[in-house]
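[1] please work out how this folds:
(chains A and B)
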Amino acid sequence: MASAVSGDRPVGVSIVDDHPVVIDGVRAWLATEPRLRVLATGDDPDLVLRTAPEADVILLDLRLHGRMMLDKLAELSAAGRRVVVYSEHTDPATMLAALDAGATAFLAKHEGREHCVATVLAAASDRPYVPPALAGAMVGDPRPDRPALSDKEREALLLWFQSMSKASVARRMQISEHTVKQYVDRARIKYTRAGRPAATKAALLARAIEDGLIRPEEIGIYRSQASYDRPTP
Amino acid sequence: MSTDLGATTSVRVPRPVVRAEDPAGSDGAMVDVARVSDRGARIAAVAIALVWHLAIGLPALLGGWPELAAPTVVAAGWLAALAVGGWAGHRLLHGLLPPVVPLAAILLAVDAAVFAAAGERQLFAAGNWAWTGLAWFFVVVLWGRPIRWMIILLAGHSVIALAALIGDGATAPADLTRYAMYVYGTSSLPVAVFTGAAVIATLARQRADTAAATLAVRAERDAAERAWADRRARLALVGSAAEQVLAELADGRADPTDPFVQRRCVLAATRLRRLIAESDDVPDPLLHELRAAADLAERNGLPIELIAIGTPPPLPVEVRRRLADPLAAALADATGWARLTVVAGPDEVVISLVAPDVDGPGSTDPPATPVGNDDQVEHVLERDGEIRWTQTRWRQP
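    Now for the predicted structure:
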């Protein structure tokens, strides 16, 4: 498992996409943030991984050469690789399937630079980041075994999805922006129980417990997750 | 470009949902077909029983009268069977099933009385009309019931006959053989008719079900094809608009730094994205209305993003109107860009429109105005200097 990023060391990022123009675009977005450094790019996840095994975060296009990469995503996540999936496939089922497979975050391609940088930075420290499209998928999750969200968490997700402005959500719910983010992140953490276990999910959960975002009993999976290694803070 | 999109709207077909009501009506007709074919079989069963009773049973009774041990009892039994059969037949022809247990009990009682009253000389003769005629009444009385009822009654009939044989001392091998022949001969035909009718009724029902299901599938496919053709037509128009901008950019005729060109690109991209996001085969009426409103706003040059998550449950027109109308109105006032979202589940539908907050109609409204709020649809309007936010929400009462 890639160790959690700390201190002044820049975050190493690998980009896997089959369109060079997209790689160039994402590279340009990430270049605006001095804490991020692109280490390798390419259209083959294994090759990119071999080129830069030390990468902290992998940005993975979910569809490579016409094939959905969900299995590859699950394999990388099980091995503890922090994968931020970014895709133009923003139907809720695909987004939730990516989370189930262990993606640290899901980013819709049209969500732009700001969300992209924020997502990668959060992923590097095993912290959740929920862009609006993913919030929509979570709040509309029709599956019977979906995680139980509180009313406030649902409302925060819904309003964040609708408005794309945490300040507006905060005014609407009459709470602070920080609290809005907490509700949204707590909902995301509850999704670590969906799908098969993955090292990345354990890492997200462990960091959330450390940060005081959630209590283990709130998601009812304390025992099953306790055996996983915690990342060094 | 605006004329292109005008054409887009005009190729839109009527809501397929209206068509989806067709199979419901045909469904009823199909069930009627099944009922009519069952009615034919009922008429046949009642006719066989009564004609046999009157045309064969009555002459046999009258012909054997002098030799019967107690002719009045046998005649009374004949009348009782006629009454039971007549009433059961009447109910059958009016689409009702006769009560099984009392009528079956009466018929078995008549059976026993006739066998007891026929006497030794007429036991196997025509005067004992119950031997041959009664099983047809079983068919009428047991119509539409499981076959095991028929078997139970015929077994009772055989036991009664056997008891009469023993009572009359007719237990010689020849008598028992005759008994077996009679039981077999008089039971097999009614059983065949009863089973055949049940099978025909089942087949008719299955055929009706299949026909109804086929119709429903065809209606849905037609609707999906229309939606698909509609989407293709719009994709062709929107695609050509995007191609045009790209071609101009490639030729150097359009300047990428020109804000007007940038806006054309943004519009073409949002349209394409919206079309790609439309994944429903048969559009939901609510989403359909919202898309129409979005198309209209887009024709006025507003880049709009429409994201729908989940499928709304079937909602009354009134609720749908109260959900969609405030959004359509807000969309008409929106400037710059707009984000229209729908989140739907079985018991909640939330629609929201967010656009930049600039001066314009409604700019004097206080922030967060609950505009309308009743037991079913909540309508909230909010502006905070950053965004103008319109939201309607339906909750299952």
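
[2] any regions of chain A where pLDDT drops low?
    Residue ranges of chain A with pLDDT under 70: A:1-8, A:219-233.

[3] up against chain B, what does it have?
    For chain A, the residues in contact with chain B (C-beta under 8 Å from any C-beta of the partner chain) are A:88, A:90-92, A:110, A:133, A:136-137, A:139-140, A:142, A:158, A:161-165, A:167-168, A:171-172. Quick note: C-beta positions are derived from backbone N, CA and C, even for glycine.

[4] tell me which helix or strand B:Val354 sits in.
    strand B:348-356 (DSSP states H and E).

[5] list the helices and strands that strand packs on?
    helix A:151-163, helix B:317-333, strand B:338-345, strand B:387-395 (3 or more C-beta pairs under 8 Å, 6 or more residues apart in numbering or on different chains; DSSP states H and E).

[6] can you put these in a markdown table and add distance to B:Ala197?
    Putting the helices and strands packed on strand B:348-356 into a markdown table (distance: least, C-beta to C-beta, whole Å) gives the following:
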| stretch | distance to B:Ala197 |
| --- | --- |
| helix A:151-163 | 58 |
| helix B:317-333 | 46 |
| strand B:338-345 | 48 |
| strand B:387-395 | 51 |
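
[7] and for whichever strand or helix holds A:Glu217, what's in contact with it?
    Per DSSP H and E, A:Glu217 falls inside helix A:216-219. Contact partners of helix A:216-219, identified using C-beta atoms under 8 Å, 6 or more residues apart in numbering or on different chains, comprise A:147, A:186, A:189-190, A:192-193, A:205, A:209, A:222, A:225.

[8] which of these are buried, as a ChimeraX select command?
    Of these, the buried ones go into a single ChimeraX selection, burial set by 16 or more other C-beta atoms under 10 Å in any protein chain shown:
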select /A:147,186,189,190,192,193,205,209,225
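
[9] out of the contacts of helix A:216-219, which is nearest to B:Ala233?
    A:Pro147 (41.3 Å; C-beta to C-beta).

[10] that closest one reaches A:Ile189, doesn't it?
    No: counting by C-beta atoms under 8 Å, A:Pro147 sits too far from A:Ile189 to count as a contact (9.1 Å).

[11] for stretch B:203-213, which positions count as buried?
    B:204-205, B:208, B:211-212.

[12] repeat that for stretch A:164-172.
    A:164-166, A:168-172.

[13] returning to that earlier point: name the residues that touch the strand holding B:Val354?
    A:158, A:162-165, A:168, B:286, B:290, B:312-313, B:315, B:323-324, B:327, B:330-331, B:333-344, B:386-396.

[14] now do the contacts for A:Ala156.
    If you count contacts by C-beta under 8 Å, 6+ apart, then A:Ala156 has A:169, A:173, A:180, A:183-184, A:187 around it.

[15] now the buried members of the residues of chain A next to chain B.
    Of the residues of chain A next to chain B, these count as buried by 16+ other C-beta under 10 Å: A:90, A:92, A:133, A:136-137, A:139-140, A:158, A:161-165, A:168, A:171-172.

[16] return the member of these nearest to B:Ala236.
    Among these, and counting by C-beta to C-beta, the member closest to B:Ala236 is A:Thr90, at 23.4 Å.

[17] what's near enough to touch the residue nearest to the closest one when sequence neighbours are not counted?
    Excluding the flanking residues, the one nearest A:Thr90 by C-beta to C-beta, 6 or more residues apart in numbering or on different chains is A:Ala108, at 4.4 Å. Contact analysis of A:Ala108 by C-beta under 8 Å, 6+ apart lists A:86-88, A:90, A:131, A:133-134.

[18] okay, these in a markdown table with secondary structure next?
    Shown next, in a markdown table, are the contacts of A:Ala108 (DSSP: H, G, I helix; E, B strand; the rest coil):
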| residue | secondary structure |
| --- | --- |
| A:Tyr86 | strand |
| A:Ser87 | strand |
| A:Glu88 | coil |
| A:Thr90 | coil |
| A:Pro131 | coil |
| A:Ala133 | helix |
| A:Leu134 | helix |
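
[19] what is the nearest of the residues you listed to B:Ala174?
    Looking across the contacts of A:Ala108 and measuring by C-beta to C-beta, the closest to B:Ala174 is A:Thr90, at 89.4 Å.

[20] so A:Leu60, which state does it fall into?
    Looking at A:Leu60 with three-state DSSP, the answer is strand.

[21] please report how far it lies from A:Leu47.
    13 Å (C-beta to C-beta, to the nearest Å).

[22] comparing the two, which residue is more hemmed in?
    A:Leu60 (25 against 11; other C-beta atoms under 10 Å in any protein chain shown).

[23] what ranges does chain B have for its helices?
    For chain B, the helices defined by DSSP state H occupy B:2-10, B:16-19, B:22-51, B:58-64, B:71-93, B:100-118, B:130-141, B:147-167, B:173-251, B:259-277, B:285-299, B:317-333.

[24] just these: most buried one?
    Each of the helices of chain B was scored by mean neighbour count; the highest is helix B:130-141, a mean of 26, by mean count of other C-beta atoms under 10 Å in any protein chain shown.

[25] cheers, nothing more for now.
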